[in-house]
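In: Dropping the sequence and predicted coords here.
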Amino acid sequence: MKKVVVAACLAAVVAVLATAAWGSTGGASKVASASNADTALVKCGKTRSIGLMAPFTGPAASIGINQVHWANFYKTNYNKTHKSKIKFVNEDTQLGSANGTAEAVKGAQALGSNSAVLGVVGPAGSNEVKATTGALKGAGLGWVSGSATNTQITLDGTRKGFFFRTVPPDSSQSKSVSGYITATLKVKRVYIIDDQEAYSTGLADEVQAQLKAKGVTVGRDGVSQQQSDFTSLINKIPRNTQLVYLPWQLPPKGQAFGQQMKSQGRAGTKLMGSDGLFDPLFAGLGNNVYDSFFPVNPSDKRVAAFKAIHKGTELFGAPSYVAAQVVTGAIDRACKNGTASRAEVRAQIKKTNISVAASLLGLPVAFNKNGDMVKKPFGIYHSVKGVFVRVA
Amino acid sequence: MNWSLFFGELVSGLTLGSIYALIALGYTMVYGILKLLNFAHGDVYMVGAFVGFFVLQWLGGALSPAVTGWLVVAIMFAVAMLACGLLGVGIERFAYRPLRNAPRIAPLISALGVSIFLQNSALLLWGPQFRSYDTFDLVGVKSYHIGNNFFISNIQILTIAVSIGLTIALALVVSRTRTGKAMRATSFDRDAAEMMGISIDRVISFTFFLGSALAAAGGVMFGLVFGQIFSLMGFTAGLKGFTAAVVGGIGSIPGAVLGGFLIGLTEAFATGYLPGGSVYANLYVFALLIGMFLIRPSGLLGSPVIQKV
């Protein structure tokens, strides 16, 4: 009897394994079909699906949610005025979390295997763009980021024809930053601290080189994104330093650094952040805080409408509105005959041409062959009573 | 010699070391009594930081506290220590006590399981985002300086003072009270202590209560000094606390404190003086652990274990 029970159990295990194996074969065919997704035609229907990758949660959630709000604001406006509708398939990338870019990659894979998704808005970080390239490109998806600014991600050729962005690259940001530091603030001693991520080190390198070329004394150090204790590092910063430049992505870290600077008796030192720190958390540190940020037209009626809904002044996510506009426009054009492939959507993203009037950025949106915007200025902002005000 | 940098790193190291010392005390006490490495201890520290944060919110938040800022801080410490003390007792009761007579690997695995359970529960309940203590708004951080080189803030003074005060209180409990005597007896010979009428279960529960309460105090201190807390903060801090306990000599209370300060100072001075120190400070900290194992396996104040052969 015992042998019979054992045999029955074994048979059950084998059956389960066989079922699992059969299921995985089915999965493989799905993967295979995903690799053909580039040219596979999807019936557009009334509602079109767009992937939305952003840090919904995690250390960068404060800026991520702002991006999501802006993208959803576009969706609401579009759905009100068009017969066809769009919907977002959300993927949380948890930018800056201890898992690194793993969540972003998982999200990209999920979007790639979802045959209804025709294009993607996001992800937010340059490292995430690099990490998700395999999954998104492999699935034939075109993707448009509203915040990844690392100069090399469009120049290295890896993502050509697939990746686009509605923000200027760091080469443009670094020029604005170094120019403002030397010409307007007339600072002679600067300390730069990167956060060891591709975005941060790239921008820090460029600003450092440009400041040195202008005769500024520059110190340089780095921190991990996981670090919260900056006191030992702050001790290293020479007391005569006039400005600390933080090209970071996580506003809570920028806030903690500023608070620890104050508690170390360094309240008088100016702080300058990059676009990743364009957030009330960083602005709230006081009037000695500066930041560089994407071009956004603050007098656009949509900015006022957004502020009325979300009761805030955050513009960080505005380029994500434009990214959603780019992807939706491309899908609309590709769907003219009722079907579209991901390759067709990519081709249409390349042809994007949004006029100044229709663009929230205050400049026309069109892409060069690398996926960068043809026009790409950066603005400099100063914190006045906890709110960033454009000064250059 | 840049004295400003030297004194700055000294204060940073002592502040950080105060927190590590409180975590290390929990490790060392539990190991002393149960010979168990409680790997969930770092996560109890994280829970303590979050309890402190929620108490702060409950009392009106940093901007508009219902009572004075310093009283809010005192209540945060008290509630976090009580809550985590009870959490520690619960962990011991349900995860370790049933395995007390099992092979030693079983409670160790159980400890790792509890650690992951707490981490993921925190992620589920509170999310992965950072929470800000807003200490500046709560108590108004002030920086004091002696001459041009020595700077220290009121929060750093508080952290070091609270850590030393709690350590002295613990030493008094262990050396001057009946419960402390029972703890020492249990640590020395559990079976003999039981035969002498000591309630081993009660002593072990009390040890977990004390250790977890101290870890919670460390968590609240971290939030006050560094401003921010997050769900996965317990892992690295727990490892550093464990390292401190081992470096000081696991099982030794003064050793845990000494180890904590040593690890904190190593981290701070490595950041200040060694190449790439601000990014790779942990490299130097754990190199210290390996070095200590090679030179003095029983730690600075630990005594070598003599085994009857």
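Out: Thanks, I have it. Here the structure is a predicted model, which is why all the values come from computation and not from measurement.
In: Show me what the lengthiest helix in chain B is packed against.
Out: Longest among the helix segments of chain B by residue count, using DSSP state H, is helix B:3-34. Packed against helix B:3-34 by the contact rule (3 or more C-beta pairs under 8 Å, 6 or more residues apart in numbering or on different chains; DSSP states H and E) you find helix A:231-236, helix B:41-58, strand B:150-153, helix B:154-176, helix B:178-188, helix B:200-226, helix B:233-248, helix B:253-273. Every C-beta, even on glycine, is put in place using the N, C-alpha and C of the backbone.
In: need those in a markdown table with distance to residue A:253, mean neighbour count and mean pLDDT, can you?
Out: Output for the helices and strands packed on helix B:3-34, formatted as a markdown table (distance: least, C-beta to C-beta, whole Å; neighbours: other C-beta atoms under 10 Å in any protein chain shown; pLDDT from 0 to 100):
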| stretch | distance to residue A:253 | mean neighbour count | mean pLDDT |
| --- | --- | --- | --- |
| helix A:231-236 | 12 | 24 | 92 |
| helix B:41-58 | 17 | 25 | 96 |
| strand B:150-153 | 19 | 20 | 86 |
| helix B:154-176 | 19 | 17 | 93 |
| helix B:178-188 | 41 | 17 | 92 |
| helix B:200-226 | 11 | 26 | 95 |
| helix B:233-248 | 13 | 26 | 91 |
| helix B:253-273 | 16 | 25 | 93 |
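In: mind checking which of those is nearest residue A:345?
Out: Checking those against residue A:345 by C-beta to C-beta gives helix B:233-248 as the closest, at 41.9 Å.
In: Can that closest one be said to contact chain A?
Out: Yes - Helix B:233-248 lies within reach of chain A by C-beta under 8 Å from any C-beta of the partner chain, at B:233, B:235-236.
In: What does the pLDDT read for residue B:119?
Out: The model reports residue B:119 with a pLDDT of 90.
In: close enough to count as contact, it and residue B:231?
Out: Yes - if you go by C-beta atoms under 8 Å, residue B:119 and residue B:231 touch, sitting 6.6 Å apart.
In: Identify the residue nearest whichever residue of the stretch 201-350 of chain A sits closest to chain B in space, chain neighbours excluded?
Out: Per C-beta to the nearest C-beta, residue A:235 is where the stretch 201-350 of chain A lies closest to chain B, at 3.1 Å. Once flanking residues are discounted, residue A:235 sits nearest to residue B:8: 3.1 Å by C-beta to C-beta, 6 or more residues apart in numbering or on different chains.
In: show me what contacts the one you found?
Out: Shown in contact with residue B:8 (C-beta atoms under 8 Å, 6 or more residues apart in numbering or on different chains): A:231-232, A:234-235, A:264, B:151, B:272.
In: mind redoing it with 10 Å?
Out: Neighbouring residues of residue B:8 by C-beta atoms under 10 Å, 6 or more residues apart in numbering or on different chains: A:231-232, A:234-237, A:239, A:264-265, B:2, B:149-152, B:268, B:272.
In: what does residue A:264 give?
Out: By C-beta under 10 Å, 6+ apart, the contact set of residue A:264 is A:230-231, A:234-235, A:237, B:8, B:11-12, B:141, B:143, B:151-153, B:156.
In: now the angle from the longest helix of chain B to helix B:233-248?
Out: 80 degrees (axes from the mean of the first three to the mean of the last three C-alpha atoms, to 10 degrees).
In: If you count neighbours, what's buried in helix B:3-34?
Out: B:4-34 (16 or more other C-beta atoms under 10 Å in any protein chain shown).
In: go on, stretch A:329-340?
Out: Neighbour-count burial for stretch A:329-340 flags A:329-335, A:340 (criterion: 16+ other C-beta under 10 Å).
In: Ok, stretch A:275-292 next?
Out: Neighbour counts over stretch A:275-292 (16+ other C-beta under 10 Å) mark A:275-285, A:288-292 as buried.
In: Now do the closest residue to residue A:226 other than its chain neighbours, the pLDDT please.
Out: The shortest distance from residue A:226 to any non-neighbouring residue, by C-beta to C-beta, 6+ apart, is to residue A:98 (6.4 Å). For residue A:98, the model assigns a pLDDT of 71.
In: Same check on the one 3 residues further on?
Out: According to the model's per-residue confidence, residue A:101 sits at a pLDDT of 89.
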